[in-house]
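**Q** whatever this is, show me its structure:
(2 chains)
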Amino acid sequence: MIGWFAELGLADRPQVGGKGGSLGELARAGIAVPPGFVVKTAAFERFLAATEAEAPLRALVAAVDSEDLAAVTTLSRQLRARLEAAPLPEDLAEAIGRAYGTLNGTRQAAVAVRSSATTEDAADASFAGLQDTYLWVQSLAQTLDKVRSCWGSLYSVESITYRRRHGFAERDVAMAVVVQTMVDARTAGVMFTRSPLTGDRSVMAIEGSWGLGSAVVGGEVTPDRWVIGKITGEISVREISDKQILHVPRSEGGIESIAVGEAERRLACMSDAELDALRLIGRKVERHYGRPQDIEWAVERHSGAILLLQSRPETVWSSREATPVDRPAADPSLHVLKIFGGQNR
Amino acid sequence: MDMPAKAKQFPLPSSLKVVPGTEAAQAAYPYYTQFEPGDDERFWFYNSMHFPEPMSAFDMVTAEAAYCALGSANTRVHCLPTTLGIDHRIINGRVYIGGNAVTEPAEIARRLGEFKQRAFYYYANWERLYEQWRVKMMALINAAQALPKPHLPEFEPLANVHAGLGVAANHTLLDTYQKTLEGYFRMWHHHFEFLLLGYGAYLTFFDFCKKAFPEITDQTIARMVAGIEAEIFRPDDELRRLARCAVELGVDAHFGQQLSATELMDTLRTDGEAGRAWLAELEVSRHPWFNINVGDGFYHYHRAWNDDLSMPFASLPDYITRVKDGESLKRPVEKLLEERKQLIEDYRELLATEEERAAYDQMITLAHRVFPYVEGHKFYCEHWYTNLFFNKIREFGALLAEHKFFASAEDVFQLTHYELKSAIIDLMTAWSNGSPPRGPARWPQIVAERRAAIAEWAKHETPPALGVVPDVIDDPAIVMLWGITRESLDAWLDTGEDSDPNELKGFAACRGVVEGPARIVKSVDEISRLQKGDILVCQVTNPTWAPIFGKIAAAVSDIGGSMSHAAIVAREYGLPAVVGTGNGTSRIKDGQRIRVDGGRGIVTLL
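**A** The predicted structure is shown next:
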C-alpha cells in the first residue's frame, strides 16, 4: 500500500497516480526531488471499501446530474465530510505511520501531502490543480488527517463535475497520495522547457519568486522572469519584478503570505549560475521524457540545492498542429530561392 | 505643445544642402554621383558602415569600383531575380546608397530562369570555383606587387635604348597608373564574384532557424556557421605567436619599455642571436599576415600593419604579460570546432520531424560550404590588395610632390582618379618637352580647399537615411551587408519619443553586461585614446582592431548586423558588444558612463 519514490515510475501510475508516478520517474532518472513515498490507490480502495460497507458512495456520484450545480455541491459536501470523519483501518494507519517514521527519522520535519489522482497529469487531460495539496503538515496525526482530506478532494465539486463531463467511470477513479519532505524554499517557481509565447523548443521560460512556490503557482506575486537558451544557456530575457509578497511556512502548519523585505523586492531571486543549473535539469527531464515539460522547482534555503517538485508534459503547444518549417529540396540550391526568389519574404 | 505628430520620414535628398563654402569640393565628385531631382522619389541610406567619415576625392574610387562590381554580379552575372545593383550618391563627402529592386512578377520570373543556370552552377561547383578564385586573386596581387615604382629619370637608361624598348619612362607612368586603377576595379569584381551568393546561402539557413526557433538569437546562428580558422583571425593569431616567441627567446623585456617600433627593432637587432631570431619570426608573420589595415581598407589612411608597426606592436606587451602568466594564447581550434558541431547537433535534435532535419542538414551544409569565402575574401581584397593599391597611388603622390604638384605625397588623395590621371599626363608632357609642368600652379590651392571641406563636413551630422521609407526592404544585399530592415529604420526614426531617452537599441552581438566610460572613436587615428576598461563607441568596428579588443571592456557601433565581422570578432574574444545602434556615436558623450548589455542589444546611458 506504500511505495517509495525510488521504486516507482510512470508505468505505476494506475497505482500511484500521476504525481506519484512522475516523482518516482524523476527520482529514478537521477533528478533531485524531495524524498517521499506514495500511499497507493490500494490504500484508497481499502479505505473506500470500509466506508462503503456502511453506505454506498460511488453510486451516488455516478447518479448525480453534473449540470445541476446545487445537487453536486450538496453531494460533495456530504461525501467529503464522510470521508474525513471515517476512521482509517488500523493496518493502513500503521503502514503510513511506519513510512512517515522512515521518512522523518527522529525529526519532526514538515511534509507535503499531495493528491495524486490516476486521471491527473495525463498528457491528454490537463487535470492539474483540481485536487488538494497540503503544505507544511507538522505531525503524523495531521498527516493522516490530510491523507483523508486528499481522498476527499476526489469528491470536490470541480473534480466530480470534471469527471462527469469527461465521462470517466467512477469505478476507475482512484486517488493515491504523495507524502514528501517539505522543501524550505528560498526561491521557487515554474519552468517551461519551451517558450510559452512562441512554442520555441530552443528556449526555456523560467519564473520564480522568493519563498515557497505556491505564491508563483497561485499567481499571488509577479515573479521574476527569464528566457534562457536551452542549448546555449544564453539569457535573452531578464525581467526582475517588484516581488511584494512571499509564502512562508506558518509555525502551526500550513503557509502564510508575508511582505518581502524592502531590500529584496527588486533583487533577482535566482543567480545566473542557479538559472544555468536549472536549465541543465530541465534539459535532462525533457530528454528523459522525450517531450517538453512543465516543471515546478524550488531552491532549498540552506543547501542551495535545486529540487523538482513536479514535472508534467507541456500541453498547450504540443497539441497544436505544427506546419513543418521546411522540407528537403531535390536540389539543395533551391533553398536559396527563399532569399533570392522573392518567396516567403 | 499642440503640434500634430510629425509623420515619420527621413529628409528628402533635395533638402540636404552642401555645407556653405564647400561647394567647389562637392563639385569635384563625378557628375554621376551628385544627387539629382529625381532622387527624391527614392530611398537612400548613409553607408556609414563602409564610409563612416567624409571621403576624399580619390578615395571615392572605392565606392565606384565596389558598386560597379556588386551591381554587375547582381544584375548581369548571376541575375538575382529581385534586385539589381546599388546606386550611390555623394554629398558633403558622405556616401548615400539606394537599392534597385525588381518588382514586376514577369521580370522576376525571367530573371529567375537565368539565376538558376548561373547561381546554382556556383553552388554546385563552389569548392572548385573558389580554389580558382584564390589562384586568380593571388595572380592579381602578384601583378600589383610587380608594378614598377613610378619614376622619371633625367635620361632614359642606356640599357632601355640599346634594347630598343621603344617607349620612354613617362609612358610607363601612364601604363602603371592605368594598370593600378584597372587592377583595383578588377579586384572588386573578384570580391563580389561569390559574396552575395554566399550571404544568400547563409541567410537561407538563418531564416530557417528563425522559423524553427523563433526566439533563437542571431549570434547563436552565427556561431553555428562561422568558421574557426578564417584568414581574418590570422593577423592577431600571429601577434600571439610573436608574443610567445618573445618569451621563449627571452627578449620579452624590451617590449615593456615604451619604445617606438623602430627603436624596438633596432634594439632587437643588437640583442644577439635571440633578438635577430625574433625579428626573423616577425618577417614570417608580416608576409602576408601584416597586410591587414587598421580600418576596412576603404580610406587611404587606413594604413597596413606592415606600413605602421606601432599598431600591432602596441598589443604585444599585453600579450607577453599573459604568456608569462601562463596563458598559451592559442585559439582552442579543436575545442571550438567540437562546440560548433555539438551546437548544430543539439539544435537539430530539437526539430520536430525527420523531414525538417533533412532540410536543416541541406541548409547548414550549404552555409558551411559558402562561408569560407564570406569570411576569407576580406583579407585578400579589402586588406592586402587595397593596401597595395593605395600605396601605389602614394608613390605617384611622392613623385608629384617631388615635382612640386603637392606639398606632400598624401595630397594626391585629394584628387579624383580622373584628376590624378590629368596630373600624371601633365607631368609626362612636361618631362617630355622639358617645360615646367602646370600642376604646381593649380593643385596646392585645390588640395587645401578640399582638405578644409573634409574637416568642415566631419563637423556636421548627416541623416542616417533620406527619402521615403519603403514598406519592405527586399534587397538581400542591403539586409545582409548593412543589417538594414524595415524594423531597424523604424528604430532609427524613433529617436526618443516613445522610447527611454537613456536607452539605445541595436543588435545583440556578444553577450555580457559591462559598465564603463564611453570613448567615442570616430576615426582610426583616435584608437590610441582608448584606455584599459573603456567602452569603445564607434561608427563601425573592424576586425583588425582585434588587438585593442583585449584592452576595452565592451564595444558599441552605429551600424552592422549580427554577422558583421565586428560581431564575429567580439564573440571570438568574449567581448560584450551591441552593433547597429544607428546613432550611438552622436547620442553618447565621450567619457560618459554607459552600460552595455550585449545579450539584449541594449546600451544604457547612466
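
**Q** strands of the stretch 51-200 of chain B, start to end?
**A** B:83-91, B:94-101 (DSSP state E, counting those that start in this stretch).

**Q** so which of those gets nearest chain A?
**A** Ranking the strands of the stretch 51-200 of chain B by distance to chain A, with C-beta to the nearest C-beta as the measure, places strand B:83-91 first at 8.2 Å. Placement of C-beta: from N, CA and C, glycine included.

**Q** how is chain A carved up into domains?
**A** A:2-181, A:185-313 (automatic domain parsing).

**Q** would you reformat those domains as JSON lines and include distance to chain B and mean pLDDT?
**A** As requested, those are exported to JSON lines (distance: least, C-beta to the nearest C-beta, whole Å; pLDDT from 0 to 100):
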{"stretch": "domain A:2-181", "distance to chain B": "16", "mean pLDDT": "86"}
{"stretch": "domain A:185-313", "distance to chain B": "4", "mean pLDDT": "92"}
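
**Q** make JSON lines out of the ones you listed and add mean neighbour count.
**A** JSON lines is the format used below for the domains of chain A (neighbours: other C-beta atoms under 10 Å in any protein chain shown):
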{"stretch": "domain A:2-181", "mean neighbour count": "18"}
{"stretch": "domain A:185-313", "mean neighbour count": "19"}
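
**Q** of all the ones you listed, which one is nearest B:F10?
**A** Of all those, domain A:185-313 sits nearest to B:F10, with 30.7 Å by C-beta to C-beta.

**Q** hmm, back to that, could I get the strands of the stretch 51-200 of chain B as TSV with distance to chain A and mean neighbour count?
**A** Below are the strands of the stretch 51-200 of chain B laid out as TSV (distance: least, C-beta to the nearest C-beta, whole Å; neighbours: other C-beta atoms under 10 Å in any protein chain shown):
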stretch	distance to chain A	mean neighbour count
strand B:83-91	8	21
strand B:94-101	9	22
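
**Q** format those as JSON lines; extra columns: mean pLDDT and distance to B:G272.
**A** Listed next are the strands of the stretch 51-200 of chain B as JSON lines, based on pLDDT from 0 to 100; distance: least, C-beta to C-beta, whole Å:
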{"stretch": "strand B:83-91", "mean pLDDT": "94", "distance to B:G272": "55"}
{"stretch": "strand B:94-101", "mean pLDDT": "92", "distance to B:G272": "52"}
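
**Q** so for A:A63, which of those sits nearest?
**A** strand B:94-101 (72.2 Å).

**Q** would you map the helices across the stretch 401-550 of chain B?
**A** Here the stretch 401-550 of chain B has its helices, by DSSP state H, counting those that start in this stretch, at B:417-433, B:439-459, B:476-482, B:486-493, B:546-549.

**Q** mind putting the strands of the stretch 51-200 of chain B into CSV with distance to B:T75?
**A** Formatted as CSV, the strands of the stretch 51-200 of chain B follow (distance: least, C-beta to C-beta, whole Å):
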stretch, distance to B:T75
strand B:83-91, 4
strand B:94-101, 8
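
**Q** tell me the phi and psi of the spatially most central residue of chain B?
**A** By C-alpha atoms, centre = their mean, chain B has its centre lying nearest to B:D296, at 2.8 Å. When quoted as degrees, to the nearest 10, the phi and psi of B:D296 stand at phi -100, psi 0.

**Q** contacts only, for it.
**A** B:50, B:302, B:382, B:540, B:542 (C-beta atoms under 8 Å, 6 or more residues apart in numbering or on different chains).

**Q** list the beta-bridge partners for A:A259.
**A** A:I245 (DSSP bridges).

**Q** wait, it touches A:I245, no?
**A** Yes - counting by C-beta atoms under 8 Å, A:A259 sits close enough to A:I245 to count as a contact (6.0 Å).

**Q** now the stretch 501-606 of chain B against chain A: closest residue?
**A** Closest point on the stretch 501-606 of chain B to chain A, by C-beta to the nearest C-beta, is B:R511, at 5.7 Å.

**Q** any stretches of the stretch 401-550 of chain B with poor pLDDT?
**A** Within the stretch 401-550 of chain B, the stretches falling below the threshold (pLDDT under 70) are B:472, B:474, B:476-477, B:480-481, B:486, B:491-499, B:523-525, B:541-547.

**Q** and the closest residue to the residue of the stretch 501-606 of chain B closest to chain A other than its chain neighbours, how many neighbours does it have?
**A** Nearest residue to B:R511 in three dimensions, chain neighbours excluded: B:G599, at 3.4 Å (C-beta to C-beta, 6 or more residues apart in numbering or on different chains). When neighbours are counted by other C-beta atoms under 10 Å in any protein chain shown, B:G599 registers 22.
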